[in-house]
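[1] please work out how this folds:
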Amino acid sequence: MSAPSRLPAAPRAPSPAWWERSDLGYRRDTLHLGRHDLEDLGRTRGTPLFAYHASRIRANLRRLQAALSDTGKRTGVFYAMKSNRFPPLLRFLHGLGRCGVDVCSPEELLRARRCGFAEEAISYTGTSMSEADARCLARHPGVIVNCDSLSSMRRLARLAPGRRIGLRINPAVGLGYRQNPRLRYAGGTTTKFGIYWEQFFAALALAEASGLRVEGLHFHAGCGYLTPQLEALEAVLVAARPFIAAVPGLRYVNLGGGLGIPLVAGDAPLDLAAWSRVVARHFRRDRCEIWVEPGDYLVKDAGVLLLEVNTVERKRDTLFVGVNGGFNLHPEPAFYALPLLPLPCRRRAAPRRRVTIAGNINEALDLLAENVSFPDPVEGELLAFLNAGGYGAAMSSNHCMRGKFREILL
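    Numbering: from 1, shown residues only. Okay, the predicted model is just below:
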């Protein structure tokens, strides 16, 4: 075969892409997370591999706490453990001494305790409380419990009379990333979460009659919101005001989580200064503390999922790129239609193609990225899926018995 008449041009040093940060980007044509070469990491540790960058988590927490301090209120941060429960990550957060942890099950509570969190640094915000759940909470009297139903209040009162509690309320207004309806915990459609206004005074009466002392309110309206959704956050806070006014002397109001990060090129980072101004304006006359429970905001952009390409094949009008992991390892694209940005761990001079990246699970919905522009893929190369630090490993399953993966805290 004759040689090509012209060699491909050497790749130009690109201007920083929208996703690049001081701790994430290409160096000498290999993708780095901090000082760690992801190509080398994937080859030496094996794939599938979740890698989390501790310094990014620390920076995210500090940035959020600075914004909270600008509200002029006493505040608290409780990391939403359901987003990522990797024990080294939890121990790292505990070691920082700057936040507590929010859990939603007895096993999460016990893991938080094993990772060093005191009971008083743990809030429990669950749903559909069982008798076993209530017995566990009764054995941990220092844990802050947010009851989301009258049923859970009755169970807890019977097993832990006199317990101080919070009430998880539903303001019937929701928000989420790009107003994605799959990410709303409240809104036009009735959800299972929290106590609605029409039940609220019955809940207060039940608390008084059963000896439970209501010291806080909690609400979580949705996930992943950015600056364009701050108007929706305003509406949530307005809807929550009657609940707050009905309970004088509250110790805390927990705004839940939901603070988002950029996922695609059209996204800009959440304007935390504008966010803190919204919070300050709505609570300037209140004496209660303001708590938040971020999950994704702390860990999502601190993590990547490394997978290996094993198949490159065109089928009719689609070029499929098969990898050695699927939606069972990171369900968000399938469950919530949230994007995972794929990048080659080693940058090559290659034409870009429209491809669909498919996992190795025998299900039609196992597509990690559809119709994306990507450098001409090669079997055997490693891909890094960005923003994989939250709701990936923590939601994984062993479907098709392909649930094996590794995790590492860098």
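[2] only C-alpha atoms for contact and neighbour calcs from this point on.
    OK.
[3] model confidence over stretch 366-385, on average?
    The average pLDDT for stretch 366-385 rounds to 96.
[4] quick check: the residue nearest the centre of the chain vs Ala121, distance?
    Centre of the chain computed as the mean C-alpha position; nearest residue by Cα atoms, centre = their mean is Asp296, 2.6 Å away. Distance of Asp296 to Ala121, given as Cα to Cα, to the nearest Å: 19 Å.
[5] do Val238 as well
    With distances taken as Cα to Cα, Val238 is found 28 Å from Ala121.
[6] please apply the same query to Ser55.
    Taking Cα to Cα as the measure, Ser55 falls 22 Å from Ala121.
[7] likewise Val309?
    Note on Val309: its distance to Ala121, by Cα to Cα, is 43 Å.
[8] what do you get for Ala245?
    Using Cα to Cα, we find Ala245 at a distance of 26 Å from Ala121.
[9] what about the two, which has more around it?
    The residue with the greater number of neighbours, taking Ala245 and Ala121 and applying other Cα atoms under 10 Å, is Ala121; the counts read 20 against 11.
[10] and the pLDDT at the more buried one?
    Model confidence at Ala121, expressed as pLDDT, equals 98.
[11] for Leu89, helix, strand, or coil?
    Under DSSP: H, G, I helix; E, B strand; the rest coil, the three-state class of Leu89 is helix.
[12] what's near enough to touch it?
    The neighbourhood of Leu89, defined by Cα atoms under 8 Å, 6 or more residues apart in numbering, consists of Ala54, Leu409.
[13] same thing with Arg314?
    Under the contact definition (Cα under 8 Å, 6+ apart), the residues listed for Arg314 are Phe320.
[14] quick check: buried residues in the helix or strand harbouring it?
    Secondary-structure assignment from DSSP states H and E places Arg314 in strand 303-315. Buried residues in strand 303-315, counting neighbours by 16 or more other Cα atoms under 10 Å, are found at Gly303, Val304, Leu305, Leu306, Leu307, Glu308, Val309, Asn310, Thr311, Val312.
[15] immediately after that strand, which helix or strand?
    Following the chain from strand 303-315 toward its C-terminal end, the next helix or strand by DSSP H and E is strand 318-323.
[16] which residues sit against that following strand?
    For strand 318-323, contacts defined as Cα under 8 Å, 6+ apart pick out 307-314, 354-360, 377.
[17] that strand: partners in the sheet, and parallel or antiparallel?
    Within its sheet, and counting by DSSP bridges, strand 318-323 is paired with strand 303-315 (antiparallel), strand 352-358 (parallel).
[18] of those strands, which is nearest Ile261?
    Distances from Ile261 to each of those were compared using Cα to Cα; the shortest belongs to strand 303-315, at 12.6 Å.
[19] would you mind putting the CA coordinates of the closest one into PDB?
    Taking C-alpha atoms only, strand 303-315 is exported to PDB below (Å, rounded to 0.1, in the frame of the first residue of the first chain):
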ATOM      1  CA  GLY A 303     -14.500  12.300  40.000                       C
ATOM      2  CA  VAL A 304     -13.900  10.500  36.700                       C
ATOM      3  CA  LEU A 305     -14.800   7.000  35.500                       C
ATOM      4  CA  LEU A 306     -12.100   5.300  33.500                       C
ATOM      5  CA  LEU A 307     -13.300   2.700  31.000                       C
ATOM      6  CA  GLU A 308     -11.600   0.800  28.100                       C
ATOM      7  CA  VAL A 309     -12.900   0.800  24.500                       C
ATOM      8  CA  ASN A 310     -13.400  -2.800  23.400                       C
ATOM      9  CA  THR A 311     -15.600  -2.400  20.300                       C
ATOM     10  CA  VAL A 312     -15.700   0.200  17.400                       C
ATOM     11  CA  GLU A 313     -18.200  -0.800  14.800                       C
ATOM     12  CA  ARG A 314     -20.700   0.900  12.500                       C
ATOM     13  CA  LYS A 315     -24.200  -0.400  12.500                       C
END
